[in-house]
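Student: sequence and predicted model, in that order:
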Amino acid sequence: MVNEYMFKNLMDSLVPITRFNKGEASRIFDEVSRSGTKIVLKNNTPACVLMDPKQYEEMLEQLEDYSLIVESIKRLDHNEDTADFSEVLCSLGISEEQLEGFEQVELD
């Protein structure tokens, strides 16, 4: 059952480039808005993927998050020197109480 569903979704996502040549671009873009993605075929070979811009942006964010996770794992595996938050504060002569009331900032 799952294989039939996956096959149907894959088949529904394929768009021959001839549809663009026939002036159906607007209709294809509407299909992308509804379904999320389309794979454009040229000579029965995938030539490009059409994707909703929001979905594309989310995918890029996930890739960036993944690369940051991979980098942090590499650094931890190489036993690079790390410091606990409280150690950093102490070395700067700052107490956690002094930080209360400040807005938290997210660092990349």
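Tutor: Received the coordinates, thanks. Numbers count the residues shown, from 1 in each chain.

Student: which residues of this protein fall in helices?
Tutor: 2-13, 18-21, 25-35, 53-77, 85-92, 96-99 (DSSP state H).

Student: distance to V105 and mean pLDDT for those helices - can I get that in JSON lines?
Tutor: (Each C-beta comes from the backbone N, C-alpha and C, glycine too.) Putting those into JSON lines (distance: least, CB to CB, whole Å; pLDDT from 0 to 100) gives the following:
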{"stretch": "helix 2-13", "distance to V105": "41", "mean pLDDT": "70"}
{"stretch": "helix 18-21", "distance to V105": "46", "mean pLDDT": "90"}
{"stretch": "helix 25-35", "distance to V105": "36", "mean pLDDT": "90"}
{"stretch": "helix 53-77", "distance to V105": "17", "mean pLDDT": "90"}
{"stretch": "helix 85-92", "distance to V105": "14", "mean pLDDT": "85"}
{"stretch": "helix 96-99", "distance to V105": "11", "mean pLDDT": "83"}
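
Student: I'd like to know which of those is closest to E106.
Tutor: Checking these against E106 by CB to CB gives helix 53-77 as the closest, at 12.0 Å.

Student: can you tell me which helices and strands the closest one packs against?
Tutor: Contact partners of helix 53-77 among helices and strands, from 3 or more CB pairs under 8 Å, 6 or more residues apart in numbering; DSSP states H and E: none.

Student: tell me the angle it makes with helix 25-35.
Tutor: 50 degrees (axes from the mean of the first three to the mean of the last three CA atoms, to 10 degrees).
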